[in-house]
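Trainee: Got a predicted structure plus its sequence, pasted below:
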Amino acid sequence: MDSSDLSVRTAHELHELLVRREVRPSEIVSAVCRRIRADVPAGPLDYPEPNGRSAPVSKPWLPVLARTPEERRGADDLELSDLRLALSGGAGHLESTVLARLLSPRAGLPELEGYLLATPSAHGLSVMLSCMEGQDQRIPDELPSFLIQQYRALRSAKEVRENLAAFRAANRRKPVRAYIETLLEQAQEQAEEQDRALDRGAAPGRFWGIPLAVKDVLCTAQGRTTCASKVLTNFLSPYDATCVARLRAEGAIVIGKSNLDEFTFGSSTESSAWQPSTRNPWDTERVPGGSSGGSAAAVADGQAILALGSDTGGSIRQPASFCGVVGFKPSYGMISRWGLIAFASSLDCVGPLTRDVLDAAHLFECMAGPDGRDATLSGAKLGGGAAALSRRSGRLDGLRLGLPIEFYFEDPDYGDLPTMLQDVLTPRACDAERYRFRKYPGVAGCLQRAVGVLQELGATIEVVSLYHTRFAIPCYLVVSRAEAASNLARFGGTVFDREPAAAKVGFEEARALARMQGLGAQPKQRILQGYNVLRGANYEQIFLAAQRARAQIREDYTRVFTTHKLDALITPTTPTPAFRFGGFSDTVTMQRSDELTVGANLAGLPAISVPAGLDSTQALPLPVGLQFIGPMYRDWDLLGLAHDFERASGWNGNRPPSRR
């Protein structure tokens, strides 16, 4: 088994390989660890430590890369050992002059093969072979035939220049930085223990050898749990969150704690105290979404096979859409929140981010169930199971799906809803100004094709109205801020602060100082907003009004599912593809990126985002997600629908350019 592709496999594929003894847990973990280690800066950059100080990253190949091209051309001390170091840590950033030196006769075929494994695309191969041609070097006879064919395909200088430009563009790709902290050595040790257990004849657990990224808002007994905030810099949890413990019991290996917006407050991962923040693997000039941006980026970039996130207003589904992976938010109360550091307790849900729906189903099945430590669990018996998904026929005959008109038009003209399907998918000129996706035709095109796939599978689709969802964002802003202010009150910064000040000043002064220095702008903003809506007359005029609006939103969803006998609702996951860093001037405006996801949280409904194609109208193609929202506690029906769509569309096979 070639280990180079293990980091892009799904968990259920890897499990089948383990059962057949075609791969070992340590090989899977090693492949993902190599991917994580390769995600390093291209130059002499520093990673800031959690306490704000910067420490140089150990990169022994930097002396080679730091030289000017002139120095490289004339350097007699550019030894083969230096080149091997460069291959192991920074091959993607070597210039053509160094490549030519690398391909000298003394380098030999092993180094050549090492470079081929490290190149991000076929463009790198083209440039490398053209360098050999320019140096009048002989192509080694041992090269595989397909490489020789690619070399002979370089028929003109124009093609060489185009390949060189594409190669350089690919290598300007900045590091993704999906993790706050990695646990690679511990992961390798656990994988080797599982190797030995397999050698003794043990049957592999469901997630043996599967690297798992855990959003750093879930407590783990290994590593720190910081919520991407300085106020929890030194917090070492003595226990695993229930969801993490259940996955560990099935053999999952925690590979690291993924980055997020501070205390999950944001939609881009930009507010993390750990900077530079996580980048989108599809275009590293764009955000991965948030707040579970690190988890989504890790799965998309091959730095994890599975990941856990939390969803308060779309924080699993929105980054899943931006990064081209699957993100599932179950019905409220289906997965224990014990060990999840709360944002808004009546909205928070734990859920999976994976490469396909079947992996998400396996994670959900493992994590769901009773837990005496969480009083908010529903206890509902769902039936179904992950194994049943693979036995589905793939047809959707008899299913009724709804398109909420408010999710497609701002201030819609309700007219005759049953006849408006084509108007929703291809709006008339008079409706174009109110169409939510008018500036993003790539998103609209993906939606139209996805609806076509569902109709071909036999589903009946109609337009419905969720009138009160137009108030979902202001309702969410009030409810979430009020609950966040209450939940943040426990973080005084006097226990896990990096420099306790209580011994020097009074307790209250130390608490105020620690919160001022330890909390970032987003937590402070939510504390002030939350206390404001709960204060005096605002409690009734603002907070209780928001709760009444929330009840009406929930009633709207119940009505369309019962009156129209719908099995699910269909919407794009986000109104736009991934936006650029700094694309929003404030977080209130940024909240609009959650306007299509937040309703499911307010109503407690299950919802899933699955890849629905690429927006090719952007400078680089960007993923677009399709969201299915189901009735309360119909989680398995929703997963089955998403699984059938995924198999029919085939769009979940898309990978970022560096992972193809």
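Mentor: Nice, thanks for sending it over.

Trainee: Go ahead and name everything in contact with stretch 410-424.
Mentor: Stretch 410-424 is contacted from outside by 403, 405-406, 408-409, 431, 434, 436, 461-465, using C-beta atoms under 8 Å, 6 or more residues apart in numbering. Just so you know, the C-beta spots here come from the backbone N, C-alpha and C atoms, and that holds for glycine as well.

Trainee: Only the buried subset of those residues, as a ChimeraX command please.
Mentor: To isolate the buried members of the contacts of stretch 410-424 in ChimeraX, using 16 or more other C-beta atoms under 10 Å:
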select :403,405,406,408,409,431,436,461,462,463,464,465
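
Trainee: and which of the contacts of stretch 410-424 is nearest A203?
Mentor: Within these, the smallest distance to A203 is 44.1 Å, found for I461 (C-beta to C-beta).

Trainee: Give me the below-cutoff pLDDT ranges for this protein.
Mentor: Applying pLDDT under 70 to the chain flags the ranges 1-4, 40-173, 429-430, 493-505, 507, 585-589, 653, 658-660.

Trainee: Pull out the buried positions in the helix of greatest length in it.
Mentor: Scanning the chain for the helix with the most residues, using DSSP state H, yields helix 544-563. Across helix 544-563, burial judged by 16+ other C-beta under 10 Å covers A545, A546, A549, R550, I553, R554, D556, Y557, V560, F561.

Trainee: and F328, what is it in contact with?
Mentor: Counting by C-beta under 8 Å, 6+ apart, F328 has contacts I316, G351, P352, T354, V357, A360, F364, P606, A607, I608, S609, L639.

Trainee: Let's have those residues in a markdown table, adding distance to F645 and neighbour count.
Mentor: Listed next are the contacts of F328 as a markdown table, based on distance: C-beta to C-beta, whole Å; neighbours: other C-beta atoms under 10 Å:
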| residue | distance to F645 | neighbour count |
| --- | --- | --- |
| I316 | 18 | 35 |
| G351 | 18 | 30 |
| P352 | 17 | 32 |
| T354 | 15 | 27 |
| V357 | 8 | 26 |
| A360 | 13 | 30 |
| F364 | 17 | 27 |
| P606 | 15 | 28 |
| A607 | 14 | 32 |
| I608 | 10 | 35 |
| S609 | 12 | 33 |
| L639 | 11 | 28 |
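
Trainee: Closest to A578 out of those residues?
Mentor: Using C-beta to C-beta, the contacts of F328 come closest to A578 at S609, 13.1 Å.

Trainee: just checking, what packs against the helix or strand harbouring that closest one?
Mentor: Using DSSP states H and E, S609 sits within strand 607-615. Counting contacts by 3 or more C-beta pairs under 8 Å, 6 or more residues apart in numbering; DSSP states H and E, strand 607-615 is packed against helix 317-323, strand 326-329, helix 357-367, helix 441-456, strand 622-629, helix 635-649.

Trainee: can we see that at 7 Å?
Mentor: helix 317-323, strand 326-329, helix 441-456, strand 622-629, helix 635-649 (3 or more C-beta pairs under 7 Å, 6 or more residues apart in numbering; DSSP states H and E).
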